[in-house]
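> Starting from these lines, generate the structure:
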Amino acid sequence: MKQFIAIDFETANYQRTSIFSVGMVFVEDKNIVHKEYALIRPTPNYFIESFIDIHGIRPDETKNADTFDVYWQKILPRIGNWPLVAHNKAFDYYCLKATLEAYNLPMIENDFLCSLLQARKKWPQLENHRLTTVAKHCDYNLTNHHHALSDAEACAVISMKVFEGKR
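Take a look at the predicted model:
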């Protein structure tokens, strides 16, 4: 792919609409050209302690953040019609879809691809295809796993390799 946006969401609780963190890495001609990171006030606005243990973000860090609808209106022009890629589209796509529905916003029509599925096809010999495993295979040192921007950057590096020569 000539250009795409690797995207990652982190959630505060079990609700798909509880996005509290967004990481996006814009890739053009195999180069990272822009990075976006934002904290979001989740909907519903509560954090589960076991989730905090995973990502390290506490509720007080998002209390003055934009809600997703406000953030989305700001970033949507930057996204344009670029394809989106997530490592495990089944999670990120449906979080986006549920959150947009919760705010009565239309779902984007951009292509939305999955680096996890592509990695399984390209490297079936890997012991698993978790983000950390595939990132390591691609010589990317994912030191801050479950930070949305770090995970999006790992997805971008993986995607540059698994989508090589496509589109």
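> Any buried residues in stretch 156-167, and which?
156, 157, 158, 159, 160, 161, 162, 163 (16 or more other Cβ atoms under 10 Å). For every residue, glycine as well, the C-beta is placed using N, CA and C.
> Work out the gap between that stretch and the centre of the chain.
16 Å (Cα atoms, centre = their mean, to the nearest Å).
> mean confidence for it?
Stretch 156-167 carries an average pLDDT of 85.
> next one: stretch 8-27
Computed over stretch 8-27, the average pLDDT equals 98.
> What is the end-to-end distance of it?
End-to-end distance for stretch 8-27: 14 Å, by Cα to Cα, to the nearest Å.
> if we can go back for a sec, filter the buried residues of stretch 156-167 down to the ones in helices?
156, 157, 158, 159, 160, 161, 162 (DSSP state H).
> So what's the residue count around residue 60?
8 (other Cβ atoms under 10 Å).
> what's it sitting at in phi/psi?
Backbone torsions of residue 60, given as degrees, to the nearest 10, read phi -70, psi -20.
> Kindly reformat the buried residues of stretch 156-167 as JSON lines containing distance to residue 109.
Below are those laid out as JSON lines (distance: Cβ to Cβ, whole Å):
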{"residue": "156", "distance to residue 109": "22"}
{"residue": "157", "distance to residue 109": "26"}
{"residue": "158", "distance to residue 109": "24"}
{"residue": "159", "distance to residue 109": "20"}
{"residue": "160", "distance to residue 109": "24"}
{"residue": "161", "distance to residue 109": "26"}
{"residue": "162", "distance to residue 109": "23"}
{"residue": "163", "distance to residue 109": "19"}
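> Sketch out the strands for the protein, chain order is fine.
All strands of the chain, identified by DSSP state E, fall at 3-11, 19-28, 31-39, 84-86, 112-114.
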